[in-house]
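> Sequence and predicted structure are below.
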Amino acid sequence: MRIDIITIFPEYFAPLELSLIGKARASGLLDIRLHDLRSWTHDRHNTVDDTPFGGGPGMVMKPEPWGAALDDVAGRGPDERPPRLVLPTPSGRPFTQAAADRLAGEPRLVFACGRYEGIDSRVAADAALRMPVEELSVGDYVLNGGESAVLVMVEAVTRLLPGVLGNADSAAQDSFAPGAMHNLVEGPVYTKPRVWRDQEVPPVLLSGDHGAVDRWRRDEALRKTVRTRPDLAERLAAEGDLDRRDRE
Ligand SMILES: NC(=S)c1ccno1
């Protein structure tokens, strides 16, 4: 997978040199390219924003630098498939595990990091003439810019690529993973020592009975989901999963 990130703060993405994503880039599994939006400005101050039409506080990112940057970065050959452009914004559709799974199947993603009050809305409309465009939100809160959100999305998406995680099975057992963990969050996990500050590891985990361990883990995931995510529990109940799973 190739990922292009356009931002006025390329240094924000230094963490993508680390750990599993860093290793995947070094191995060639993952091609992440950073682009400074100011490279597409031509005035002496490298201006990327201006006051909003209609008045109001803050500044809006100018369309010209974004248009030129996307023309260059997201441009493609006549027989090449266009990349998918992702715009992180509080006003976007929720970025969920399902969205991460879907985006992990894309050969190319371009992330546009807005700042200030956002990017002139004509940029997304213009880009949509040439490529699929998605506005996605990592949560119902406002950040100072899209960079933190893109770090989150890139990590959630790229960890699903074959070969990135050490153990390919672990993603399937994560909270929200499609299949067995759909609409479920993970329950408690334990490692050595068996007793720590008078707290014992649940004996079933030491039993060697894999069926019993699987059932215990599912029950604990259900309990945790009911306790911390009643919204997901409602969905499970509506799908009849909660009842069925509860009986298992
Ligand atoms: N919630 C998201 S994605 C965001 C982007 C910028 N500010 O908030």
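Received the coordinates, thanks.
> From now on I want contacts and neighbour counts done on CA atoms only, so please keep to that.
Fine.
> Give the other helices and strands that the top helix by length along the chain contacts.
If you go by DSSP state H, the chain has its longest helix at helix 210-228. The contact analysis (3 or more CA pairs under 8 Å, 6 or more residues apart in numbering; DSSP states H and E) places helix 210-228 against helix 230-238, helix 241-247.
> which of the ones you listed has the lowest average pLDDT?
Mean pLDDT is lowest for helix 241-247 among these, at a mean of 58.
> near the ligand, which residues of this structure?
By the rule CA under 6 Å from any ligand atom, the part of the chain lying against the ligand is 88-90, 137-146, 149.
> Could you list the single helix or strand in the chain with the lowest mean pLDDT?
helix 241-247 (a mean of 58; mean pLDDT, DSSP states H and E).
> Can you turn the buried subset of the residues of the chain next to the ligand into a selection I can paste into PyMOL?
Buried members of those, defined by 16 or more other CA atoms under 10 Å, are picked up in PyMOL with:
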select buried, resi 88+89+90+137+138+139+145+146+149
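> Show me the residues of the chain next to the ligand that map onto helices.
Going by DSSP H, the helices hold residue 149 from the residues of the chain next to the ligand.
> Turn the residues of the chain next to the ligand into JSON lines, columns for distance to residue 37 and pLDDT.
As requested, these are exported to JSON lines (distance: CA to CA, whole Å; pLDDT from 0 to 100):
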{"residue": "88", "distance to residue 37": "16", "pLDDT": "98"}
{"residue": "89", "distance to residue 37": "18", "pLDDT": "97"}
{"residue": "90", "distance to residue 37": "21", "pLDDT": "97"}
{"residue": "137", "distance to residue 37": "21", "pLDDT": "98"}
{"residue": "138", "distance to residue 37": "22", "pLDDT": "98"}
{"residue": "139", "distance to residue 37": "25", "pLDDT": "98"}
{"residue": "140", "distance to residue 37": "26", "pLDDT": "97"}
{"residue": "141", "distance to residue 37": "25", "pLDDT": "97"}
{"residue": "142", "distance to residue 37": "21", "pLDDT": "97"}
{"residue": "143", "distance to residue 37": "19", "pLDDT": "97"}
{"residue": "144", "distance to residue 37": "17", "pLDDT": "96"}
{"residue": "145", "distance to residue 37": "14", "pLDDT": "97"}
{"residue": "146", "distance to residue 37": "13", "pLDDT": "98"}
{"residue": "149", "distance to residue 37": "17", "pLDDT": "98"}
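> Of the residues of the chain next to the ligand, which belong to strands?
Of those, the ones assigned to strands by DSSP state E are 88, 89, 90, 137.
> List the residues that contact the last one.
If a contact means CA atoms under 8 Å, 6 or more residues apart in numbering, then residue 137 has 88, 89, 90, 91, 92, 93, 94, 95, 149 as its contacts.
> Relative to residue 2, how far out is the one residue sitting closest to the centre of the chain?
Using CA atoms, centre = their mean, the residue of the chain that lies closest to the mean C-alpha position is residue 153, 2.1 Å off. Look at residue 153 and residue 2: by CA to CA, to the nearest Å, they are 14 Å apart.
> Pipe the contacts of residue 137 into CSV and attach distance to residue 230 per row.
Shown next, in CSV, are those (distance: CA to CA, whole Å):
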residue, distance to residue 230
88, 27
89, 26
90, 23
91, 24
92, 23
93, 21
94, 18
95, 19
149, 25
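> Sort out which one of those lies nearest residue 10 for me.
Lowest distance from residue 10 to the contacts of residue 137 (CA to CA) belongs to residue 149, with 13.8 Å.
> Give the full set of residues in contact with residue 160.
101, 104, 171.
> swap in residue 217?
Taking CA under 8 Å, 6+ apart as the test, what residue 217 contacts is residue 187.
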